[in-house]
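*Asks:* fold the stuff below for me.
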Amino acid sequence: MGVCKAKVYDTLLLHHLCFPDLEHGLGFIASQLLQKQAWKHLSGVDELTYNCRDTDATLQIANLLIPMARHEKVLKLYEEVQVPLARICALMTETGFRIDPARLKTVRADLENKSNLLEQELPAELKTREVAVRKRQLAPPGTLSAKTGRPIKYVMTDATELETPWKSPDVLKHYFYEICQLPVQTHAKTNEPTTDKTALPKLIRAASKSEYGKKVGLAEATAVIRALRALQSLRQMASLLSTFVKDKWENTGVERIHASFNVHGTASGRLSSSDPNLQNIPESVRYIYVPSYSDWAVFDIDFSSLENRLTAWFAQDNERLERLAQPGFNEHKWTTSQFFDIPIEEVVKDNSKDAPYGKAKRIGHGSNYGMGPLKISRLYDLPFAEVKELTDRWRQVNQKTVAWQQATAARAKADGFLVTPFGRKRWFYTDSAYTESLSFLPQSAGADIVFRCMVALLYDRLNWPESQVQKIVQYYKPLPRPARLLVQVHDSLVGEAPLSLMPEVIDTLTRVMSQPWPELGGYSIPVEPKVGLSWGEGQPWKGN
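*Replies:* Numbers count the residues shown, from 1 in each chain. Coordinates of the predicted model:
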């Protein structure tokens, strides 16, 4: 029997490279590229026709996308990076990440206790309470209907159940807009009144104004602000409980979480994660994720200030690059020192939004991607006047970056697209083109650096030939077995390995990830390895 030399093309991955901002399901791609009758509704009704049309559409789409990808010069990126990356994502999903049931229970209890304390900050109208209800239950054998005298199956009984008013949009709108008389916030798309997460910061600002205090009284205004802030935190707690520490995991004895990693998940090229989103788990919840065996540990190796360094590299801001190259340098501490005239050695690393470090970090991130003071103020619920003053200072100390931002945005507007040094392309045509163009280059270039490292570490497990790996990296080395990669979080790689093997694992990861990149003129990004007995307990690696 001869060897099959057929070449497989993934239309979803090809479409993502050619149209990164659009949907990538087969039905949508067909509606965009083909003049073909809709057929997806036939699933479960006429499977034969459904499958035939799926196959026909896929072939037609491939015949259009392959030359399109070649013309846009992204076919090489597809073949050399996206294809092996998709297989690595499947490998991480299949492997999964072990969770500790006891730790899960502890974290759930802690979040529930915090939620209960936060509820005390709410007014009585919004607090969880018991309400009287009538419930149907099975009737005792031989129960007869009072009207007909016939046997009945169910009876209604008095009972109580918990009601959570603060989770009801209608209750919140009535309370804050009618009782508290706050200005009505509307949804950007529907123009209907809303109290969603975008509305709460606006309501807090409205309640903080002196006019509102005079209108309802200072004590009442203070209570309203306290309730709004508590509501913000309660929603965060509820999201954590329902997404990252689900009670069903504990009740059903789930031992491993098999999240999905999506190559086509973002327009910038970054991976996305779902069910659950392991890229968005708070430090406190990472505590439940543990190694598979008692003599193993979790490693988390992170590129140091990846996007900030890349932004400085694109801007050719040599002064900023020199600062970032200093061992132990923390750009957020430096920015805090510049903003608030605090000696850098005295800056406290406090991420809360009202702390100097927290403010500087948020304003630095926002300014790095071209956000104006009004957007930063609204996004992080910070006073506009202070944000305006601090963004002006940021622009003064990062003048070369600001000049690069203006030139890059102008190029994106004039050409309609940008291409990274790694060949990834994105088109810009929306009202958000200015900020999207500025974030695209460092985010996308950073993502492609991480992807190339993943291939360089795991190519042998994919049976991927070395000749292919050599096309995308200068240095490659297999991750020592039985160590394995579990999660990719934007600029870090997370995995597990036996403690006895950890020195070799960290050395391999460090060498591969900190290699120079010809696409960036030989520039390399340093890494910061951490190792711990759980994902949330990692400590800086200091060797043996």
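*Asks:* what sits against the closest residue to Glu119 other than its chain neighbours?
*Replies:* Spatial nearest neighbour of Glu119, excluding adjacent residues (Cβ to Cβ, 6 or more residues apart in numbering): Lys127 at 5.5 Å. Glycine gets a C-beta too; all of them are placed from N, C-alpha and C. By Cβ atoms under 8 Å, 6 or more residues apart in numbering, Lys127 lies in contact with 119, 165-166.
*Asks:* before we move on, what about Pro201?
*Replies:* With Cβ under 8 Å, 6+ apart, Pro201 has these contacts: 378-379, 381.
*Asks:* compare the contacts of Lys127 and tell me which is most surrounded.
*Replies:* When neighbours are counted by other Cβ atoms under 10 Å, Trp166 leads the contacts of Lys127 with 22 neighbours.
*Asks:* look at that one and give its secondary structure.
*Replies:* Following DSSP: H, G, I helix; E, B strand; the rest coil, Trp166 is assigned to helix.
*Asks:* cool, Leu486 as well?
*Replies:* From three-state DSSP, the assignment for Leu486 is strand.
*Asks:* want to try a markdown table for the contacts of Pro201, with secondary structure, distance to Thr58 and neighbour count as columns?
*Replies:* Formatted as a markdown table, these follow (DSSP: H, G, I helix; E, B strand; the rest coil; distance: Cβ to Cβ, whole Å; neighbours: other Cβ atoms under 10 Å):
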| residue | secondary structure | distance to Thr58 | neighbour count |
| --- | --- | --- | --- |
| Arg378 | helix | 44 | 16 |
| Leu379 | helix | 41 | 15 |
| Asp381 | coil | 47 | 18 |
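*Asks:* so which of the residues you listed comes closest to Gln443?
*Replies:* Gln443 has its nearest neighbour among the contacts of Pro201 in Leu379, at 17.1 Å by Cβ to Cβ.
*Asks:* from Pro465, how far off is the closest one?
*Replies:* 46 Å (Cβ to Cβ, to the nearest Å).
*Asks:* likewise Ser272?
*Replies:* Using Cβ to Cβ, we find Ser272 at a distance of 28 Å from Pro465.
*Asks:* again, but for Met156
*Replies:* 71 Å.
*Asks:* equivalent analysis for Leu509, please.
*Replies:* Leu509 sits 22 Å away from Pro465, going by Cβ to Cβ.
*Asks:* now do Gly543
*Replies:* Taking Cβ to Cβ, one finds Gly543 at 34 Å from Pro465.
*Asks:* got the phi and psi for the nearest residue to Tyr175 once chain neighbours are set aside?
*Replies:* Spatially, and ignoring its direct neighbours in sequence, Tyr175 is nearest to Glu125 (5.6 Å; Cβ to Cβ, 6+ apart). For Glu125, the backbone dihedrals are phi -60, psi -20 (criterion: degrees, to the nearest 10).
*Asks:* report how many residues lie close to Glu125.
*Replies:* The tally of other residues near Glu125 (other Cβ under 10 Å) stands at 14.
*Asks:* which helix or which strand is home to Thr298?
*Replies:* Not quite, residue 298 is Val, not Thr. Using DSSP states H and E, Val298 sits within strand 296-303.
*Asks:* direction included, what does that strand pair against?
*Replies:* Strand 296-303 sits in its sheet next to strand 492-498 (antiparallel), strand 527-532 (antiparallel), going by DSSP bridges.
*Asks:* in its sheet, what does the helix or strand following the last one sit against?
*Replies:* Beyond strand 527-532 in the direction of the C-terminus, DSSP H and E gives the next helix or strand as strand 539-540. In the sheet containing strand 539-540, the strands it pairs with under DSSP bridges are strand 527-532 (antiparallel).
*Asks:* show me what contacts Leu379?
*Replies:* Leu379 makes contact with 201, 362, 366, 371, according to Cβ under 8 Å, 6+ apart.
*Asks:* was I right about the second one contacting Arg378?
*Replies:* Meaning Arg362. No: with contact defined as Cβ atoms under 8 Å, Arg362 does not count as touching Arg378 (11.8 Å).
*Asks:* give me the distance from stretch 523-542 to the chain's centre.
*Replies:* Remark: stretch 523-542 is offset 20 Å from the chain centroid, using Cα atoms, centre = their mean, to the nearest Å.
*Asks:* I should have written stretch 121-139 there, sorry.
*Replies:* For stretch 121-139, the separation from the chain centroid amounts to 35 Å (computed by Cα atoms, centre = their mean).
*Asks:* same question, stretch 39-46
*Replies:* Relative to its chain's centre, stretch 39-46 lies at 34 Å (Cα atoms, centre = their mean).
*Asks:* what mean pLDDT does it have?
*Replies:* Per-residue pLDDT values across stretch 39-46 average out to 87.
*Asks:* where do the strands of the stretch 201-350 of the chain begin and end?
*Replies:* 256-257, 260-262, 272-274, 296-303 (DSSP state E, counting those that start in this stretch).
*Asks:* now, of those strands, which is deepest in the fold?
*Replies:* Of all the strands of the stretch 201-350 of the chain, strand 296-303 has the most neighbours on average by mean count of other Cβ atoms under 10 Å, namely a mean of 22.
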